Each structure stands twice: as C-alpha cells, then as structure tokens.
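> Here's a sequence, model it:
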Amino acid sequence: MAATGHGGQMDGEACVQAMMTETIMTKLRAGKKKFKRSYRLQKDRETIVYSPTRHSAVPECTKRLPAELAYDVSNILEVFLSTLTSRSSRVDREKAVGPSNSFSISYKDHTPTLDLICTSPETAQIWVRGIQHLILSRTGETIVNKKERWIAEYFHAADKNQNERLDLKEATSLLKRMDVPISGQHIKDRFLEADKNGNGDLDLEEFGQLYRELTHRQEVEDVFSRFASPQGVMTMQDLHNFLTQEQKSQGDAETCKRIINTYEQISDVKASDSLSLQGFTLYLESKDGDIYNHAHDQVYHDMTQPLSHYFIASSHNTYLLEDQLRGPSSKEGYVRALQKGSRFLELDCWDGDGGEPVIYHGHTLTSKVLFKDVIEAINEYAFKASPYPIFLSLENHCSVEQQRTMSAHMRRILGSQLCTDADTPNPAVLPSPDSLKGKIIIKNKKLPPDVLEDEVSDEDEAAEIEDPEVQARMQAEKEKRRKELEKKKKRIKLAKELSDLVNVSQAKHFHSFQHSQENDRACHMSSITENKALDLIKHQAGDFINHNKRQLVKIYPAGGRVDSSNMDPHLFWAAGCQIVAMNYQTPCDQMDLNLGRFRQNGGCGYVLKPEAIRKDYLKIDTSKAIPAKYKRTLTVKVISSFQLPSPSEKKTSSADPYVKVQICGIPADCKEQRTEWKRNSGFHAVWNEEMTFPLALPDLAMLRFEVKDHDSMTASDMLGQFALPLDSVKQGYRHIHLLDKRGGDLSPASLLVHISLQTPSG
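Numbers count the residues shown, from 1 in each chain. Here you go, the predicted structure:
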C-alpha cells in the first residue's frame, strides 16, 4: 500500500517509487504533434528514460540522437502541472490552477521544455510530486549522502539485468568507465576481497567499499599525517591546530566537535572525539572544506545604500534564446534569466498585429513574442530567486496607441509591484535595494512635467548590429518611410501613460562625464556600448568610477556580437559600472565570471561594490597606480584533480588534464598561469604546482579555475570550471567542486588546492 500524505495524496517517496514503473505518456510538440512514449525513472534515481511505445499511433522522428533517450534529474530546473496549447510554431503552457492531466519540465540548460500529457490527473500529480521530491532531497545533501548517491548512480547504470548485483565483468567494466587506473588482475583480487559472501558478485554496499579502497588519495593522507597524532587520528587539539594554522578559520571546541560529529563514520573514533583519515577526507570534500565561503550563500552585504553602489546581475536582449539575427524570441528567456538571478531584463517593443505590442530584435529575422505574455511570465517569476528590485528596460519603438496598451498591461498584471513616485520620494538620491524589495522598476524615457505627449529620441541598440542584411533592411525601411535623420537621431512620440511609470530609472543619452555632472540627476541612467565604454576606461577611468558612484550605467555588447557572444564583464566592473548586460543564453568564460560574481550575497542579484570605488572621498583610477595599502599576494597551489569527466571529442576515455588559473579584475591584475598536462590521468592527476599572483586591488578580483584536456592538434576540451570573487575564497586546503560550461554540477569531479592570501612584506 503506497504511503499517503496530507489530503490522501501519495507522499514524495511513494511517488518516486511509482515513477520506476513504466508510464505511458504523450509528448506534445508545436503543430499539434504528439508522440506516445513510455517513461520510467531508473533505480539510480537520477535518470528518466523513455522509448516509443510499440503501437504508437504517431510515427517517431527518425533522426534522433541517442542522448535524447534519457533526461537527468539533476538538469531539471522546475516541474509543474500545466495547461497546454499547441500552436503552429510553439507550445503555450500555463501553470494549472487545479488538477490537470498534463505537466511540464523546464531544464537548467537549453534543453527545450518537455510537455507531457498523462492518462489521468493522478498520474500527472505523481510525476510532479516525485520529481519535486528528488530535487528537494538533493538540496540538503551532506557529502556522505552525495557520495552514496554517486556510487549508487554508477552501480545501477552498470546493473544491466537489474538484479541489484554486479559480477566481476560488470564491476571491471564500470571501474574502467570511471577511469579508475588499476589493472584487471588487481581488480580481480580486490573484487574477491570485497565479495564477503563468496557468491561471485557484489551488492551496492560491497561495491561501495571496493570503490572507496581503490580511490585512496595519497596527497590527502599526506596532509592528514602532518597534523594527526601518532595514533593515526586527529584529536580535538590536532583539528584545532589544522583549522587555525592552515585553514585560517574558526577552530574552537564547538566547531571541532561539530566537524567530528558530522564527518566521522567510525563510531569508536567519533566516541573518542577524534577524526580518522576517512572523516578528514569527507570534511575536505564537504562545504566546510570548499573553496567558496558558503556563509556567502546568505545576503550579508549592506542593502540600504543607493542602487548606484551595487553591481547588478543583468541580461541583454533577454527574450533571445540563441543568436541576435535569426534565433527564437520567447518568454522562456525571461524565466531562465530570472531563475539564474538576473535583476535587469530587456524588452525590445514594437507594434504588433491586432493592437498588441510584440517583443523581438528589430530589423532582424528573430521571431516575435507578445509583450503581454512576457509581462505575465515576469510577474510569475520576478521574486522567486530574489526579493530585491527588478529593472524592466524598455527599448520602445511602438506607436502611442500601443504604448498605452503596454502601460495598461503592466498596470493590470504587475499592479502594486510597480515602483511609483511614492517609493522614491527623494529624486536627488537613488533608493536602496532594501527599500524597493518586491518592486519592479521601469526604465524608459520620461516626459517633462505637465506634458501630455512629446517626441523623444529613439535609442535603437539593434541599429548598431554589424550585419550586412540588417543594415540593408534598415536602409530600405528608412527610404520607404522617407526618414532623413540618422538612425541614432530618430525620434518617436512618447505616451504619457507609459512615461508616468518611469521614475528611478530615466533613460538619458550620455554626452560626457562633465555634462552628466552638470546636468544629470541621480535617477538619470545612460546606456553605453561596449567599445565606447572600453575607450572611456582607457582614457578616463577615474572620471568613469566617480560618475558611477552617483548614477546607474548600462554597458551593452558591441554590434558585432551577432552570435550572442559576451564581453569581459570584469573590465567594466573595475570601472564601477553596475549593469553589464550579458547574453545569459551563451555559455562561455565571460558568463562563468558573471555567474561567479553573483553567486555571493545569497545569489540575490546585487553585490555591494568595494569601498575603493564606492566612497566619494576615495579617488581611484584603476588604469593607473593603485595605493599600496590595497596590495596583496595570492598563492595558489594546485595539488590534484579527482574523477574528471571524459573528454567529449576523444576516442580514448581518459583525459590528459591541465589546470588554468586566471585572475580577472583591474587591468593590472589580469593574469593567468597553467600547470603541466598529465597523460591519461582523468581519474586522478597530481601536480603540486604553486603559482603566485601579486594583486593591486584584490577586492575587485575574480578567481577562475578551468580544467582542460590537452590536445596538441585541436583546441583543448574544457572538462570543468569554477569562478568566484576573491573575497569569497577560503584559505588553506580546499576542494573546488567543478561545474560544466553551463554552470551544472559535475560532482564528484573536483580539484584540491591550497590557497594563501598575504600582505606583501615591506
């Protein structure tokens, strides 16, 4: 009998168990296409597999990649009961208010949302509750739970006949897939030792023990031995010494006791208030031993300062899912950006059919999405990831009539969440993120007081796209409309209804720093293209920093980035620029830095700028010499890697890894170093290589690690990465839990490093 929870519904674990039985569901696609398939959760509790049903009424697509036969639970961002409508070019989905026989799954990467129709509302509810239970169970996992899950996932994937046991052949094959560097005879000997019952195969517990014995790491034992007592354990005093001397962290009796109780697995050792090598290893692999300071998972910055004093997570052309010329526009772009912590969203608004404004990249072939649908999506997801204010940056190309429609939609859908003049009583000073919690700020042009309607300049960022087709199309449009003004000096009429929604973020053209100081108010915000901003940084960095103490500035990508590539955000952060608009749909080194920057402060999308570029009395020019009081020396020792993923483009399974360490900050601090590469060492590579980085302004520095597979013939394959602000780095012996190119967890892939940050002598 399945366990039931409140209201007679099956509890989460019962739903998970039910998902392991094949369930017939129908996948819905655009154009009313339906595919009947059999879905099942594998025993690893990580993989949902599917296959076409034998008597499917609708033929399957013949060109399908094998990888599409499975979905990883770890890649699921959200699952919900839904109401589905299939149109010619898309599937529209809304969250169901009550019971529904359909549900939708959205993913962390760019996997299209999966829309499924079940035979009954009860089945849909089981799958939604089951997936939610799996996601939630990972949220509070300890390192012990995680390791058990990793091993179980590998074990069940290798258990082809699903008898809950692995024979020698299956175990050997699995260990080779895991890149464990061991000979066949050695595996056989250790297999026989692990087979306690002598029945010729291993259950999950026996295989787990075999795996742990085969993955002994001498470099971890060496660190342990330096601090352990002669009895081969760390006493409370030994642990205190290690924490205070090496880890530069709290080492009081309460902390030591907590670490022992949390990570020690041997009951006798735990009872003696000591830590074994196994417990020490688990500590190093846990959050306590992480390079990232997990205290920064909470909001810890002062959130009561003016908005101009913060870096703000910002997206560029948020509606685009691919490139800037022909890719799809979708409200999902907004959902994904918001779920990743973005607090600045862009909406390029144009007149649409039937009096309904649309959003798309003007003058291009990108598809269109209704303005109303985007506002509804923003309303639903606005404050799920963060309670702090959101900016909606309107690039307005609409007629007055459709501007009024835009205003009406925002007032009706967003209601009291809209930031009003009452929320910003002092126009001379920008409000704080704390004072605008739960508020949505509209950025647009604003009419002078008592003016009902007037012409304003049309800030058309799309007009700067460096693409021949786009430029030709724009020229034809200008001739057709007989517009004689240059594209950047076009003017449009602005409706008072839309203007009245604008307060704290009024769009103003940037002329010069002197002009802004003499004419602009705190609520005036300029948008500056990447190339112009780089020129300002090169020649007027000090003035740029001072300007950004008072006013908000948005930096947007150069017109040549039609492939949705990203600019280097740290160059603009170093000048105090708050809003560096990034293409969130594009995985790259630059996006790693952006996500790393905003990982801190609870991932709320706001990071307080360092004092050096925030305080009025401090005058710093980051393009010139920095006062010596800020200098530090960072030393990074790359010790080893563990269980790296296999290279995607390599015929052999094992990687030849090397580690690249980068500092990204002010120009003087931007450097990188790399280790040697290690042949066939994807499972476990040891370097013990030390790197030194003198830093002029460490408060602005980002630290990024990238593990690559050496290839002398082609570009090296990226195996994993991790980026974080230097002020979130913990010193001492630390593990770095690697992420893939889209920020997904690659556990158990990791690096072991030693970090030291010192004030230079003399």
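
> Point out where the stretch 651-762 of the chain drops to low pLDDT.
Applying pLDDT under 70 to the stretch 651-762 of the chain flags residues 651-653, 712-713, 762.

> all strands of it, in order?
Along the stretch 651-762 of the chain, counting by DSSP state E, counting those that start in this stretch, strands occupy 657-664, 671-674, 684-695, 702-709, 717-725, 732-739, 745-758.

> Take these and write them to JSON lines, including mean neighbour count and distance to residue 573.
C-betas here are computed from N, CA, C, even on glycine. What follows is the strands of the stretch 651-762 of the chain, written out as JSON lines (neighbours: other C-beta atoms under 10 Å; distance: least, C-beta to C-beta, whole Å):
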{"stretch": "strand 657-664", "mean neighbour count": "24", "distance to residue 573": "9"}
{"stretch": "strand 671-674", "mean neighbour count": "15", "distance to residue 573": "17"}
{"stretch": "strand 684-695", "mean neighbour count": "18", "distance to residue 573": "15"}
{"stretch": "strand 702-709", "mean neighbour count": "23", "distance to residue 573": "9"}
{"stretch": "strand 717-725", "mean neighbour count": "23", "distance to residue 573": "10"}
{"stretch": "strand 732-739", "mean neighbour count": "22", "distance to residue 573": "21"}
{"stretch": "strand 745-758", "mean neighbour count": "19", "distance to residue 573": "20"}
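
> Including distance to residue 177, could those go into TSV?
Formatted as TSV, these follow (distance: least, C-beta to C-beta, whole Å):
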stretch	distance to residue 177
strand 657-664	17
strand 671-674	28
strand 684-695	15
strand 702-709	17
strand 717-725	16
strand 732-739	19
strand 745-758	14
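
> do you know which of those strands lies nearest residue 118?
strand 745-758 (29.2 Å; C-beta to C-beta).

> which strands and helices sit next to that closest one?
helix 143-158, helix 277-285, strand 632-642, strand 702-709, strand 717-725, strand 732-739 (3 or more C-beta pairs under 8 Å, 6 or more residues apart in numbering; DSSP states H and E).

> Of all the strands of the stretch 651-762 of the chain, which one comes closest to residue 556?
strand 657-664 (19.8 Å).

> What mean pLDDT does stretch 626-641 get?
If you average the pLDDT over stretch 626-641, you get 96.

> Rebuild the helices and strands packed on strand 745-758 as TSV, extending it with distance to residue 12.
Shown next, in TSV, are these (distance: least, C-beta to C-beta, whole Å):
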stretch	distance to residue 12
helix 143-158	16
helix 277-285	27
strand 632-642	32
strand 702-709	35
strand 717-725	31
strand 732-739	26
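
> And those: which comes nearest residue 692?
strand 632-642 (5.3 Å).

> what are the pairing partners of that closest one, and which direction each?
Sheet pairing here is set by DSSP bridges, and for strand 632-642 it gives strand 684-695 (antiparallel), strand 745-758 (antiparallel).

> Send me the shortest one as CSV with only the CA atoms.
Meaning strand 684-695. C-alpha atoms of strand 684-695 as CSV (Å, rounded to 0.1, in the frame of the first residue of the first chain):
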residue,chain,number,x,y,z
HIS,A,684,43.3,11.2,-10.6
ALA,A,685,46.1,13.7,-11.5
VAL,A,686,48.6,15.1,-9.1
TRP,A,687,50.5,18.3,-9.8
ASN,A,688,51.6,20.0,-6.6
GLU,A,689,52.4,23.1,-8.6
GLU,A,690,52.5,26.6,-7.0
MET,A,691,51.5,29.8,-8.6
THR,A,692,51.9,33.4,-7.3
PHE,A,693,49.8,36.4,-8.2
PRO,A,694,50.7,39.9,-7.0
LEU,A,695,47.4,41.9,-6.8
